[in-house]
Structure formats: structure tokens, C-alpha cells
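In: I'd like to go over a predicted model; first the sequence, then the structure.
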Amino acid sequence: MTTTIATGPEPTRPPEGQPGSGARDRHPLPTRSIFDRAILGRAAGEAFAKLDPRTLARNPVMFVVEVGAVLTTVLWVRDVLDAGSEPNTFAGLVTAWLWFTVLFANFAEAVAEGRGKAQAATLRRTRSETMARVRGADGTIEERPSTALVVGDECVVTAGEVIPGDGDVVEGIATVDESAITGESAPVIRESGGDRSAVTGGTRVLSDEIVVRITAEPGATFLDRMIALVEGSARQKTPNEIALSILLAGLTLIFLLAIVALQPFAIYSGDEQTLIVLVALLVCLIPTTIGGLLSAIGIAGMDRLVQRNVLAMSGRAVEAGGDCSTLLLDKTGTITFGNRRATGLHPAHGVDPARLREAALLSSLADETPEGRSIVELAGDDATRPGTTGADFVEFSASTRMSGIDLADRSIRKGASDAVARWLDQYEQRIPDEVVTTTSRISDDGGTPLVVVEDATVLGVVALTDVVKPGMRERFEELRALGIRTVMITGDNPRTAKAIAAEAGVDDFLAEATPEDKMALIREEQQGGNLVAMTGDGTNDAPALAQADVGVAMNTGTQAAKEAGNMVDLDSDPTKLIEIVQIGKQLLITRGALTTFSIANDVAKYFAIIPAMFIVAYPQLDELNVMGLDSPESAILSAVVFNALAIVALIPLALRGVHLQAATASEVLRRNLLIYGLGGLVTPFIGITLIDLVISTLGIV
Ligand SMILES: Nc1ncnc2c1ncn2[C@@H]1O[C@H](COP(=O)(O)OP(=O)(O)OP(=O)(O)O)[C@@H](O)[C@H]1O
Ligand SMILES: [K+]
Ligand SMILES: [Mg+2]
């Protein structure tokens with residue numbers, strides 16, 4: 001029988017990491033509709049600024065349209081200045097609509113960027129300069145502006161003060177108000193030693209005092225990165241986007257050559273075409289719809305993630321999110337709150353409870369992990385604190401899974417059962433069965449047992465408890481419905497892992513995993529052709545977060561984890577992957593749908609315009625003039641107008657994304673080909689006929 005000789009305080013639950021829906025209501029940044037009036041107004045101005053050919057050259061399709069517009073403008077102006085000829089309305093209108101085409105595309109991009117730019121402005125105001133109190137090697141304090149801090153500086157921050165820069169807490173524990181970054185107003189606990197040591201510059205210490213070792217140069221802090229990110233200045237094209245851009249540029253080149261080759265043929269048939277008509281024809285045939293909306297689609301996807309409090313450092317990761325099939329999650333601090341605390345001491349048979357208490361205390365005196373400190377709190381009684389002069393402390397590491405102390409006459413260790421069993425091997429001893437029963441009982445309740453051993457003698461068990469974040473089960477079910485398998489990976493023992501896995505409702509778990517095991521598991525999944533997502537918070541998760549296709553670090557985690565991943569979830573909600581997957585899928589499908597539509601559209605326009613152009617030379621072509629367009633000029637003008645309006649009409653779809661239904665990839669593909677392919681073929685016929693009707697009725701050209 002084992003008896004519990006002490007019960008520690010109930011684990012206090014830090015307020016961070018509440019999963020679920022709250023994200024949108026407590027966003028740090030003023031959220032507005034993507035089609036907010038102010039944003040639209042500013043975007044209209046920016047559409048003109050974006051006409052700068054140096055910016056536009058990055059988009060080959062739109063660049064060609066701009067060059068065409070410049071050309072027709074020159075021709076038209078020359079015509080107007082030439083007193084001898086009539087002002088050419090047709091040329092003027094075509095020219096105007098070519099400019100509109102470019103402006104509409106620029107406008108779409110500017111609207112997509114709008115919300116982020118507004119939010120970046122808000123964040124900039126948060127980034128205030130503070131005075132930092134830097135502690136020297138001799139303990140003296142020197143005041144220095146936060147902008148003059150260097151990596152490695154140790155700053156003392158007391159209640160009420162703003163943390164001067166990003167860093168890790170190296171001493172102390174404090175509550176911190178991180179609402180400037182996360183929008184969550186309840187304070188969070190930050191402490192040295194564990195996976196909750198990272199602090200962000202610009203947040204405020206509410207209680208106590210901590211020493212922060214600076215890890216980021218001023219100008220390269222989390223807040224700076226966040227600003228660059230929401231503003232889109234750090235945005236790079238993803239491999240998919242680059243591939244699509246190359247395809248679009250190729251199509252543009254092919255049509256350019258086709259149009260150039262058309263003229264000799266036209267001259268031969270006695271129907272030489274004007275340069276204006278050739279430019280108009282070219283613009284109608286090249287994929288202007290997707291060319292104009294492509295970057296807006298990507299920017300809007302990133303923006304949708306920001307609205308859900310996820311900062312994606314790479315667009316590639318956002319796309320991978322749409323295709324990932326496995327999610328690996330760390331246990332402590334990710335699925336659970338991560339403040340594992342000692343709640344009980346269970347002496348082994350025949351061991352004096354006071355002896356276990358002393359050993360537990362001794363082995364934790366220099367253990368700076370939250371677990372270690374909670375043991376000191378539980379077992380500590382200053383009156384009985386034994387002397388430790390000349391002792392060697394053994395720090396906890398994720399690979400040894402043990403910590404302890406080497407005294408002159410004896411060595412004490414505490415750690416995971418399997419680690420302690422290995423320790424006992426050197427004495428050819430085993431953990432007694434009744435102690436194994438105790439550890440099993442603790443584990444089966446989801447607690448973490450630490451076995452305490454003095455040389456060859458097992459003294460008993462320390463029980464650590466942690467709390468599973470609420471709402472996990474339902475959210476993991478949603479992930480399952482999306483076809484994503486969830487696997488919990490933990491350094492903890494299999495029994496604890498099993499209990500927590502069952503409570504949280506994950507599909508599978510891997511226990512006693514070292515950081516290398518976590519990474520190896522990801523590699524293995526990736527070799528099977530799967531895209532893998534990983535969520536974690538600890539420094540020991542960093543290699544795995546870096547290896548994963550989508551690495552989501554909890555904002556509560558360490559700097560190392562946040563730097564290794566390619567996304568940070570400000571809400572520290574491990575199930576946020578649901579939103580990440582949906583937004584990724586939506587991005588991929590939206591881009592596919594609009595590409596299909598755009599190309600189908602161009603094919604249809606080809607049939608609309610070519611007959612109209614050559615009707616004079618070949619009257620029999622009139623039979624091909626299925627739309628019965630009024631005149632060659634009105635046909636061509638109508639096509640140009642339709643081409644420009646198609647971009648405007650599709651801006652809402654590009655920015656909001658297509659409606660997402662739970663469906664298999666092939667169903668989605670089939671539906672897209674049907675709606676956007678057929679739609680793309682049919683709408684030009686209807687649209688151009690209607691515009692032609694208006695133009696001819698009004699007698700414009
Ligand atoms: N301070 C400590 N001293 C001794 N042993 C510890 C200490 N903290 C944890 N352990 C043991 O080491 C194991 C691994 O802990 P660690 O925090 O590295 O797990 P992990 O790999 O991050 O997994 P997870 O966070 O999912 O639980 C724990 O399950 C526990 O048995
Ligand atoms: K086009
Ligand atoms: Mg961990």
C-alpha cells in the first residue's frame with residue numbers, strides 16, 4: 001500500500017489557450033470587413049500608384065495590358081491632335097477600358113492588402129520605445145533605451161513595466177499582460193526553466209519581477225515580424241503561384257505571337273487591322289482575369305489567417321495546410337495547459353515519508369523547470385532543508401528525462417520510470433512492483449509519475465498533474481471529418497499518454513518520444529507522401545516544428561519553438577489547424593476555380609471576336625457570328641469591356657474565397673470544372689451580346 005503524505009495546491013489554470021471560437025472576438029487588431037468603406041477608398045488611390053511599371057512588371061499579364069494601353073493612348077492622342085481627322089471614339093473607348101482593366105486588377109490587390117495595412121498601423125503604435133534596465137555581470141543596473149539592446153542582455157522587468165524586447169525569462173515568475181499581441185486580456189504566466197519562458201517585447205508585466213535574456217535584435221522582434229507580415233511586405237510568391245505565373249506568362253507569349261502572325265494574313269486578305277484592334281484582341285485573349293486576381297487571392301488567404309489570430313510566416317505553409325493529412329501534437333503545453341505541478345508524494349513500501357520528501361526536495365533544489373519548482377513548493381520546509389555544499393546538480397533534459405543531485409556520499413535522481421529503470425540497471429536493480437502499481441495508477445489518471453531513487457534504492461513517486469484544455473474532443477472530431485489523423489507525441493510514459501489521448505480524443509499517440517523521435521515520425525509520414533502538420537510549444541519540439549510542412553508554434557511556447565515553426569497561433573489553440581486547413585483548401589480551390597474560369601473565358605472570347613474582325617473580308621464568316629454582334633467595332637469594344645468587368649465581378653470571390661463544402665478532392669474538381677469551366681465558356685457570350693446591345697442601341701460606335 002502507498003499512502004499520500006501531502007497534497008499540493010490544485011493546479012492553477014492559466015487563462016491562455018482557450019480553444020474554440022473566441023478568436024475572432026478578441027483579436028488584438030481592429031477587425032473590419034474586407035470591403036470596409038475606408039479600405040475601398042484607400043485602395044482606389046493605390047490602384048493608380050500601382051500603375052508604376054516597375055511594380056507591375058512582376059505581373060507579366062497585366063504588364064502586357066499596360067504596355068498595350070500606353071500604345072493605344074499614344075495612337076489616340078496622335079489622332080486627336082491631327083486636325084485633319086475625326087476624333088476616333090472607338091480608339092478612345094478601347095484605350096479607356098484597357099486602362100480600367102489594369103486599374104481593376106490593381107484595385108483587387110490593394111483591397112486584399114487593405115485590412116493588413118490598417119492593422120500594421122495599429123501595431124506600429126504599440127511598438128513604443130521604453131527604457132530597459134540591463135543587469136551587468138557584477139549585478140549593477142544600467143539604464144538603456146530598448147532600441148539599444150543587444151542579444152544576450154539581461155533586463156530586469158518589474159510589475160507595471162513594459163518588457164523591452166523579445167527574450168526568455170531566465171529568473172523568476174510573473175504574470176504578463178500580452179493583450180497587445182494576442183488580444184486576450186486575461187494575464188498569462190511566464191516563468192524561467194520550462195516551456196513557458198518566452199516573453200514578447202511590448203507586453204507588460206503585471207505582477208512580480210523577472211529577468212529577461214534578450215533573444216532578438218531591435219528591429220527584428222516578433223512585433224516587427226508581425227507588422228511586416230500583416231502588411232504583406234514580407235510576402236513571397238509560393239512555388240504553386242510561381243508555376244501558375246509561368247504558365248500565364250507562357251500563354252500570354254503564345255497569344256502575342258499569334259496576333260503578330262495574324263496581321264500578314266489579314267493584309268493578304270485585304271483586311272488590314274489597325275493596331276488598336278490588334279491590341280484589343282490580344283488583351284481579350286490573354287488570361288487577364290486570373291492574371292489580375294492571382295496575387296489578391298494569395299494575400300486574402302494570408303489575411304484570413306491573421307483574422308483568426310494565426311501568423312503565417314510563409315505562403316507555402318498556408319497552401320500545405322490545405323493538403324495536409326496528419327497532425328502531430330505535443331502533449332504538455334499543447335493539449336494540456338502545460339503547468340504540470342507536483343500534487344502528491346507516494347513513498348515506497350517501508351520508506352519513511354520524510355526521507356522521500358527530503359530526497360524529492362534535494363533533487364529539485366536546482367531544477368529550474370516548473371515541475372521542479374512545484375516539487376520544492378510541495379516538499380519544501382525550510383527548517384528541514386538539508387545542506388548541499390559541494391554537491392553537483394544534474395539538470396533535467398528531454399533526452400535523459402531525469403534530474404537530480406550528486407552529494408558527497410550519495411546520488412539522488414528523479415525522473416520518468418523508464419529513465420529511472422535504466423539508472424537502476426547499473427546496480428542490477430529493478431523498480432519494485434508496488435511502486436510500478438503506484439506509477440500506473442497516477443498515469444491512468446492522466447498524471448505524470450516521477451520515480452525518486454537514491455543510489456540503488458527506490459524511495460517513491462512524485463505525482464505531477466496537468467489539465468487538458470477544454471473542448472478538444474469535439475474539435476478533433478471536426479479534424480477527423482476533414483480527413484486528418486491526429487497523433488499526440490509526448491516524452492511522457494505510455495500510460496499517461498494513453499489516458500490523455502483518450503481524454504482529448506486523438507486518433508493515436510506516441511509515448512516516450514525524444515525530440516529526435518518526434519522529427520523521425522514526421523519524416524516517416526512525409527516519406528509516405530503525406531503533408532504533415534505539427535503543433536508544439538517546447539524547445540524540444542523545435543526540430544519537429546521545423547521539419548513539418550505546417551509547423552504551428554503555440555504563442556505560449558518558447559522562442560526556439562516560435563522560430564522553428566512557420567506559423568504562430570496567438571491563441572495557443574492546438575485545434576486551430578481546423579481553420580488553417582479550411583483556409584488553405586479554400587485558397588487552393590479559389591485559385592483553381594478562377595484559373596479555369598479565366599481560360600475558358602478567353603477561349604469563348606476568341607470565337608466572339610475573330611468572326612467579327614474578318615467579316616468584311618469574308619462575309620461568309622457571318623455564319624460564325626453566332627451572337628449577331630452589331631459591327632466589328634462594337635464587337636471588339638464589347639469584348640474589351642466584358643474582359644475588364646469580369647475582373648471587377650470576381651473580386652469578391654477572389655477575396656472571400658469559394659464556399660467550402662466537405663467533399664473529396666475529386667468531387668471538388670468535378671464541380672469546379674462544371675461551374676467555372678462551363679460558366680467561363682457561356683458568360684462571355686451572354687455578357688458580350690448584352691454589352692454590344694447597349695453600345696449599338698446608344699449608337700456609341
Ligand atoms: N523536472 C523534471 N525532472 C525529472 N524528470 C522530468 C522533469 N520534467 C519532466 N520529467 C520527465 O521527463 C518526461 C519528458 O518530459 P518533457 O517535458 O520533455 O516531455 P515532452 O517531450 O515535452 O512531451 P510533452 O510536452 O508532450 O509531455 C516527462 O514525462 C517526465 O516523466
Ligand atoms: K483576357
Ligand atoms: Mg513539451
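Out: Everything's here; your move. As the structure is a computational prediction, the values presented were derived from the model and not from experiment. Numbers count the residues shown, from 1 in each chain. Ligands and ions are numbered 1, 2, ... in the order given.

In: which residues touch Val532?
Out: Cys324, Ser325, Thr326, Leu327, Leu328, Ile522, Glu525, Gln526, Ala548, Asp549, Val550 (CB atoms under 8 Å, 6 or more residues apart in numbering). C-beta: built from backbone N, CA, C; applies to glycine.

In: which pair in those residues spans the largest distance?
Out: Using CB to CB, the two most remote members of the contacts of Val532 are Leu327 and Gln526, lying 13.4 Å apart.

In: Point me to the residue of the chain nearest ligand 1.
Out: Nearest residue of the chain to ligand 1 (CB to the nearest ligand atom) works out as Gly491 at 2.5 Å.

In: does that residue sit in a helix, a strand or a coil?
Out: Each residue gets one of three states, and Gly491 gets coil by DSSP: H, G, I helix; E, B strand; the rest coil.

In: Grab the nearest non-local neighbour of Ala159.
Out: Once flanking residues are discounted, Ala159 sits nearest to Ser207: 5.1 Å by CB to CB, 6 or more residues apart in numbering.

In: Could you report the distance from that neighbour to Arg190?
Out: 11 Å (CB to CB, to the nearest Å).

In: which residues are in contact with both of the two?
Out: Ala174, Thr175.

In: surely Leu655 meets Ala112?
Out: Yes: Leu655 is within contact range of Ala112, at 5.7 Å (criterion: CB atoms under 8 Å).

In: neighbour-wise, which of those two wins?
Out: Set Leu655 next to Ala112 and count neighbours by other CB atoms under 10 Å: Ala112 wins out with 26 against 23.

In: Restricted to strands, list the contacts of Val532.
Out: Thr326, Leu327, Leu328, Val550 (DSSP state E).

In: and the first one, what is it in contact with?
Out: Shown in contact with Thr326 (CB under 8 Å, 6+ apart): Ile484, Arg485, Thr486, Val487, Glu525, Asn530, Leu531, Val532, Ala533.

In: what do you get if the cut-off is 7 Å, keeping everything else the same?
Out: By CB atoms under 7 Å, 6 or more residues apart in numbering, Thr326 lies in contact with Ile484, Arg485, Val487, Glu525, Asn530, Val532.

In: same check, this time on the third one
Out: With contact set as CB under 7 Å, 6+ apart, Leu328 has these partners: Val487, Ile489, Leu521, Ile522, Val532, Met534.

In: Can you tell me the element the first one falls in?
Out: Looking back up the chat, that one is Val487. For Val487, the element it lies in under DSSP states H and E is strand 485-489.

In: what does that strand contact?
Out: Residues from elsewhere that reach strand 485-489, judged by CB under 7 Å, 6+ apart: 325-331, 335, 476, 479, 497, 500-501, 506-510, 513, 518, 521.

In: same deal with stretch 460-468?
Out: Against stretch 460-468 from outside (CB under 7 Å, 6+ apart): 11, 13, 332, 335-348, 351, 356, 360, 371, 375, 414, 435, 438-439, 442, 447-452, 500, 503-504.

In: Restricted to strands, list the residues you listed.
Out: 341-347, 414, 448-452.

In: what's the distance between stretch 258-270 and the middle of its chain?
Out: 51 Å (CA atoms, centre = their mean, to the nearest Å).

In: nearest residue to the residue in the chain that ligand 3 sits nearest to other than its sequence neighbours?
Out: Residue of the chain nearest ligand 3, by CB to the ion: Gly538 (3.5 Å). Among residues not flanking Gly538 along the chain, Asp195 sits closest, at 4.0 Å (CB to CB, 6+ apart).

In: for Arg495, same thing?
Out: In space, Arg495 is closest to Ser443, 3.3 Å off (CB to CB, 6+ apart).

In: ok, the nearest residue to Leu361 once chain neighbours are set aside - how many residues close by?
Out: Spatial nearest neighbour of Leu361, chain neighbours left out: Ala379 (4.3 Å); criterion: CB to CB, 6+ apart. Residues lying near Ala379 (other CB under 10 Å) number 26.

In: Ala379 and Ala360 touch, don't they?
Out: Yes: the criterion here is CB atoms under 7 Å, and Ala379 meets it with Ala360 at 4.7 Å.

In: Pull up the overlap in contacts between those two.
Out: By CB under 7 Å, 6+ apart, the residues touching both Ala379 and Ala360 are Leu345.

In: what comes up buried for stretch 405-414?
Out: Using 16 or more other CB atoms under 10 Å as the test for burial, stretch 405-414 gives Ile405, Leu407, Ser411, Ile412, Arg413, Lys414.

In: Name all residues that make contact with the first one.
Out: Same thing as Ile405. Ile405 makes contact with Leu362, Ser363, Leu365, Thr388, Ala391, Asp392, Phe393, Val394, Ile412, according to CB under 7 Å, 6+ apart.

In: Regarding the last one, what is its secondary structure?
Out: Under the three-state scheme (three-state DSSP), Ile412 adopts strand.

In: Identify the residues contacting it.
Out: With CB under 7 Å, 6+ apart, Ile412 has these contacts: Ala359, Leu362, Ser363, Gly404, Ile405, Glu454.
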